[in-house]
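>>> below are the sequence and a predicted model; questions follow.
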Amino acid sequence: MMVAHDKGLLAMDENIRACNKRFAKWEIPQNEGPRHAYRGMIVTTPGLGESISGAILYDDSI
């Protein structure tokens, strides 16, 4: 089983190109700094571990 009972799986496997496209719409610089901050914000969300039991990451996230 991949996930614990009543918990989900966080899919953070968005590639660099797709992330940059999203950032361009919001006029956010498309480089490593903002992508790192964005993903960091997600994984440091208080209580996240109460809702997920694992995550799928893209190479850039690791």
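That came through fine. Numbers count the residues shown, from 1 in each chain.

>>> show me the helices in the protein, by range?
16-25, 32-43 (DSSP state H).

>>> among the ones you listed, which is nearest residue 56?
Set against residue 56 and scored by Cβ to Cβ, those come closest in helix 32-43, at 12.2 Å. Every residue, glycine included, has its C-beta placed from N, CA and C.

>>> got the helices of the chain as TSV, with mean neighbour count columns?
Below are the helices of the chain laid out as TSV (neighbours: other Cβ atoms under 10 Å):
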stretch	mean neighbour count
helix 16-25	13
helix 32-43	13
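
>>> residue 6: which of these is closest?
For residue 6, the closest of the helices of the chain is helix 32-43, at 20.1 Å, according to Cβ to Cβ.

>>> contacts for that closest one, please.
10, 12, 16, 19, 20, 23, 28, 48, 55, 60, 61 (Cβ atoms under 8 Å, 6 or more residues apart in numbering).

>>> distance of the residue nearest the centre of the chain relative to residue 27?
Centroid-nearest residue in the chain, with Cα atoms, centre = their mean: residue 12, separated by 3.7 Å. Plainly put, residue 12 is 22 Å away from residue 27 if you go by Cβ to Cβ, to the nearest Å.
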